[in-house]
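Chemist: sequence and predicted model, in that order:
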Amino acid sequence: MTLEDLGWNAEFEREFAPYHGEGWKPARLIRDNKITYGALLADGEEIEVTMSGKVYHDAETDAELPAVGDWVALDLGGEDGETMIRARLPRQTCLSRKMSGRSTEEQVIAANVGVVVVVTDAGSDFSLRRMERYFAIIGKSRAKAVVLVNKADLFSDAKNREAADAIRALNTEADVHITSAEKGTSLKVLKQYFRRGVSMTLVGSSGVGKSSIVNCILGDDYQWTDEVNETTGKGRHSTTARELFVLPGGGILIDNPGIREIHMWTDETTLRERFADISELAAQCKFHDCKHGTDAGCAIRVAMADGKLDAPRFEGFQKLEEEIEKLRLSRKKRQMTGDRVIRRQQQHKARKYAERSDREHEEEPRLRRGH
């Protein structure tokens, strides 16, 4: 095994150049054990490593901490004999979402991936609105989007084709395939994307056959899977931790836990690119501040009435736009709160310094008289 087999390239080599003089070694993180990480060296040796205090304190957010798929600089003779992560190299791509709940923090799904495979099916998991969200975060990551309409053996050919065609209409740049992990077609389709040094990650809801696909790729029952629930159509197994695998035939796989919600972590520019057709229509409205409701001369409303724009797609766009705006305002509010805390701390330190200076000034004449 070589660094190139792990995804190393000339850009990473340039970023690592300052660390050669320190005697540190490049490695790729394959597992997050919460306290420690699993890392792969150039010779294929897997070792357990610990994050240095400097790396932890230099990270302004949790998303800047090392994650599975990251390249790091390791000090093999670190503190107390531990191998330490001394630096994380800049990510060339990063698939991330907003953390669930009320948090405004970014959650890294996979770092330095070239291909993101979304696994869904034509049944209960099928949702164009959720797929739009996947395409938005994949677009932000700059990775190649691939979609598997999986479990084809459970649905009619017509239903599978209808689902695949609807997904293609959302993103003409995405590769969409109808597959069945049960029949082995998922692996046949994915083989074309596995190339030396290219990292792929699979995402999707629990129960869509993602773990069965991973089993096929790895060639054994790495992930335990249970029989499908007759009511929900979903399997019981779900991956619980992210992990990176280097495949013997070339290529890298990052397995992810099932994702129930796709909270947006993107920007307005990326959103506009994903919904360019809506942006073009909005530009044709009579008034630039058209709310696309009862305003006169609304091109959006005319397009929906004529059947040129799918109403649910426009509603999905509005929800995404609103979500991104809320996230932007929340981050701004959080930043303002942080700035206020810093200013108060600085003012407190300044007052303490002034009070100490005043006391020293008052005590100086007494000290001179004591002499």
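Modeler: That came through, no problem.

Chemist: mind listing what's buried along stretch 27-34?
Modeler: 27-32 (16 or more other Cβ atoms under 10 Å). C-beta coordinates here come from the backbone N, C-alpha and C atoms, glycine included.

Chemist: quick one: contacts of that stretch?
Modeler: With contact meaning Cβ atoms under 8 Å, 6 or more residues apart in numbering, stretch 27-34 is reached by 6-8, 37-42, 46-49, 66-72, 74, 241-245.

Chemist: in strands, which of those appear?
Modeler: 37-40, 46-49, 71-72, 74, 243-245 (DSSP state E).

Chemist: shaky segments in this structure?
Modeler: By pLDDT under 70, the weakly predicted segments of the chain are 78-80, 97-105, 220-241, 258-274, 320, 323-342, 345, 348, 355, 357-371.

Chemist: could you rerun that using 50?
Modeler: 101, 103, 224, 226-239, 264-265 (pLDDT under 50).

Chemist: okay, now the domains of it?
Modeler: As assigned by automatic domain parsing, the chain contains the domains 4-88, 94-255, 267-359.

Chemist: any idea which of these is most buried?
Modeler: domain 94-255 (a mean of 19; mean count of other Cβ atoms under 10 Å).

Chemist: starting at the chain centroid, how far to that domain?
Modeler: 14 Å (Cα atoms, centre = their mean, to the nearest Å).

Chemist: now the helices: where do they sit in this structure?
Modeler: 10-20, 53-58, 128-141, 157-170, 185-190, 210-218, 268-274, 276-282, 299-305, 311-370 (DSSP state H).

Chemist: got the angle between the first one and strand 71-75?
Modeler: Computed by axes from the mean of the first three to the mean of the last three Cα atoms, to 10 degrees, the angle separating helix 10-20 from strand 71-75 equals 20 degrees.

Chemist: tell me the contacts of Leu3?
Modeler: 26, 42.

Chemist: check the gap between the most centrally placed residue in the chain and Thr172 for me.
Modeler: In the chain, the residue lying closest to the centroid (Cα atoms, centre = their mean) is Ser96, at 1.8 Å. As judged by Cβ to Cβ, to the nearest Å, Ser96 and Thr172 stand 24 Å apart.

Chemist: cool, Trp24 as well?
Modeler: 44 Å.

Chemist: that older thread, which one among the buried residues of stretch 27-34 gets closest to Phe16?
Modeler: Ala27 (10.6 Å; Cβ to Cβ).

Chemist: not counting its neighbours along the chain, what's nearest the closest one?
Modeler: Ala39 (4.2 Å; Cβ to Cβ, 6 or more residues apart in numbering).

Chemist: that neighbour bridge partners, please.
Modeler: For Ala39, the beta-bridge assignment (DSSP bridges) gives partners Leu29, Ile47.

Chemist: residue contacts, it?
Modeler: 27-30, 46-49, 72, 74, 83.

Chemist: quick check: closest non-adjacent residue to His177.
Modeler: Val189 (4.6 Å).

Chemist: and what of Thr185?
Modeler: Thr179 (4.7 Å).
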